[in-house]
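Q: give me a 3D structure for the following:
(one chain, ligands or ions: 1)
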Amino acid sequence: MKKITLKMWKEIDGIIQRHKEKSGALIPVLEECQSVCGYLPMEVQERISKGLNIPGSTIYGVVTFYSFFTMAPKGRHIIKICLGTACYVRGGKPNLESIQDEFGVETGGTTGDLRFSLDSVRCIGACGMAPAMVVDDDTYAQVSKQNIMKILDGYK
Ligand code: FES
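A: Below you'll find the predicted structure:
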C-alpha cells in the first residue's frame with residue numbers, strides 16, 4: 001500500500017487550512033488531497049474530518065458516491081483499453097485479457113507493485129486507430145497481443 005509521506009501530510013494540512021473557513025469546502029479539499037496522495041485512504045479522510053469539522057461518515061459517503069474519488073491507490077501508469085465498437089470488433093477484448101493475464105490485474109484494479117492500473121473505456125474518438133490503447137497521455141494504434149507487452153515494457 002502506498003504510504004502517505006510526511007510531505008503529503010503537510011500538503012494535506014495546508015489544503016485544509018486554505019479551505020477551512022469557506023462554505024462547500026469538502027469537494028475541493030477532497031479533490032486536492034487526492035491529487036497529492038493519488039487516493040483517499042481512511043487516515044486521510046479522518047484528517048479532513050477533524051480539520052473541516054465534518055463527520056467522517058459524511059466524508060466517506062461523498063468519497064464512495066463519486067466515481068472520481070478512489071480509496072485504493074492508483075498505479076504509476078494508467079492503461080486504458082478501448083472497448084468501443086470499432087476497437088471491440090478488432091480485438092480490444094483479447095488485448096485487455098492479455099494484460100489481465102500477464103500482470104494478474106482485473107479491470108479497474110492496480111498491480112501489487114503499483115506499476116499499472118488497468119481500465120477499459122468506451123471509444124476514445126480514435127476509431128481509425130482501432131484497436132487502441134492509451135497509456136498515461138500516449139495513444140497507441142492497432143495494438144495486439146504481440147506488441148502490447150513491448151509497449152508496456154517502456155513504462156516502469
Ligand atoms: S471505438 Fe475505440 S476509439 Fe472509437
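Q: now do the phi/psi pair for residue 82.
A: phi -80, psi 130 (degrees, to the nearest 10).
Q: correct me if wrong: it contacts residue 132.
A: Yes: contact criterion C-beta atoms under 8 Å: residue 82 and residue 132 qualify, at 4.6 Å. From N, CA and C alone the C-beta is placed, and that goes for glycine too.
Q: overlap of the contact sets of these two?
A: Jointly contacting residue 82 and residue 132 under the rule C-beta atoms under 8 Å, 6 or more residues apart in numbering are 124, 126.
Q: what packs against the helix of greatest length in the chain?
A: Among the segments of the chain that qualify as a helix by DSSP state H, the longest is helix 6-19. Helix 6-19 is packed against helix 26-37, helix 42-52, with contacts defined by 3 or more C-beta pairs under 8 Å, 6 or more residues apart in numbering; DSSP states H and E.
Q: by how many degrees do that helix and helix 26-37 diverge?
A: 160 degrees (axes from the mean of the first three to the mean of the last three C-alpha atoms, to 10 degrees).
Q: how about low-confidence regions in the protein?
A: The chain contains residues with pLDDT under 70 at 1-2.
Q: mind listing what the residue in it that the ligand sits nearest to touches?
A: Residue of the chain nearest the ligand, by C-beta to the nearest ligand atom: residue 84 (2.5 Å). Residue 84 makes contact with 92, 121, 122, 123, 124, 127, 130, according to C-beta under 8 Å, 6+ apart.
Q: how about residues contacting stretch 94-114?
A: Against stretch 94-114 from outside (C-beta under 8 Å, 6+ apart): 2, 72-76, 79, 81, 83, 115-120, 131, 133, 143-145, 148-149, 152.
Q: and what about the residue lying closest to residue 27 once chain neighbours are set aside, helix, strand or coil?
A: Nearest-residue entry for residue 27: residue 62, 7.1 Å, with adjacent residues in sequence omitted and distances by C-beta to C-beta, 6 or more residues apart in numbering. Assigned by DSSP: H, G, I helix; E, B strand; the rest coil, the conformation of residue 62 is helix.
Q: hmm, residue 62 is touching residue 28, no?
A: No: if you go by C-beta under 8 Å, residue 62 and residue 28 don't touch, sitting 11.7 Å apart.
Q: for these two, indicate the residue with more neighbours.
A: residue 62 (16 against 13; other C-beta atoms under 10 Å).
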